[in-house]
Each structure stands twice: as C-alpha cells, then as structure tokens.
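Visitor: Below: sequence and its predicted model.
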Amino acid sequence: MRIVSSLVLAAALAIMSACASDSQFVPPTATVQSLAQATTTPTTPTATVESSSSQTFLLEITSPQNESVVTTPSITVRGKSTEDAVVSVNGQLADVGADGTFESFVSLESGPNTIEIVANDFNGGQNSKILTVIYVP
C-alpha cells in the first residue's frame, strides 16, 4: 500500500514540476483523497451451479444380470443412461448412442468377475453400478 501511495505521489510531483515551468499553469483546486479512502472493498463474485447429481441420475443395466453365470470368455454389457453421459465399464469408455444407450465388451476370467459401470455428465451428475458375472469355462 505504501509503495502504491509513493508512486502516486511521485507521479503527481512530476506532473506539477513539469507544469510549474508553464507560465499559464493554474493549480487544480480539487481535494486529494488518500489511496486508503479511495479504495473500495472488492466483492467476490458468486455463481450457483445446479448439478444433476441432486436428481436421480439414470443408469440402467439391461444385460447381463447381476450374478449371471456364463460359459463364454467375454460378454457385452448393455444399458442406458442420460443422452449426454460419459459411461465407462471397468475403466474403459463405452460407446454411448444419442439416446443414451451404451454397450461395452468385457473379457472374463474363470470364476467371479466384478464389473463396474460408471456414468457421468458434464454437470457433475454421477451414478455407478457393480455387477458380478461368473464365468464357468
């Protein structure tokens, strides 16, 4: 604050000194306000962001059913979410259609396999499901 006040004072003195050599100079009669008096308290802007996470975020798995027993080494996980959702299945992005339907291929290991499906939107909405699929070769 003192540095700014010193700079303002130095600039004012330089202007007055330059004008003093001018014989027609008329000094100003305005009152000088200190920098502390002229400074207003800044306000912090606020924004309200509504998130769809406060609402029910659609994530429906149509296949496979939880605790399904399969005899093939891979399956297709299919489901539906909102139109603007980004869906991942076990960490891999799924193909999402314009209507929110999605599918993803998952390779299975012998025995129980955990499959995690996560859907997010750009407003912060999120929903997830965990399925167990048992592969019996």
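Guide: Sure, I can see it. Residues are numbered from 1 along each chain as shown.

Visitor: got the contact list for the closest residue to residue 137 other than its chain neighbours?
Guide: Of all residues beyond its chain neighbours, the one nearest residue 137 is residue 110 (5.6 Å), with distances taken as CB to CB, 6 or more residues apart in numbering. (C-beta placed from N, C-alpha, C; glycine too.) Counting by CB atoms under 8 Å, 6 or more residues apart in numbering, residue 110 makes contact with 135-137.

Visitor: Against residue 74, how distant is residue 110?
Guide: Here the criterion is CB to CB, to the nearest Å. By it, residue 110 lies 13 Å from residue 74.

Visitor: for residue 64, same thing?
Guide: Relative to residue 74, residue 64 is positioned 11 Å away (criterion: CB to CB).

Visitor: Settle it for me: which of these two has more neighbours?
Guide: Looking at residue 64 and residue 74 with other CB atoms under 10 Å, you find the greater number of neighbours at residue 64, namely 18 against 10.

Visitor: Tell me how far the more buried one lies from residue 112.
Guide: According to CB to CB, residue 64 and residue 112 sit 13 Å apart.

Visitor: which residues are common contacts for those two?
Guide: residue 133.

Visitor: Quick check: closest non-adjacent residue to residue 92.
Guide: Taking CB to CB, 6+ apart, and ignoring the residues beside it in sequence, residue 92 has residue 104 as its nearest neighbour in space, at 6.3 Å.

Visitor: Name the residues of the strand or helix carrying residue 105 that are buried.
Guide: Taking DSSP states H and E as the criterion, the element that holds residue 105 is strand 101-107. Residues of strand 101-107 classed as buried: 101-104, 106 (neighbour count, 16 or more other CB atoms under 10 Å).

Visitor: for stretch 82-92, same thing?
Guide: In terms of neighbour count (16+ other CB under 10 Å), stretch 82-92 has its buried residues at 82, 85, 87-89.
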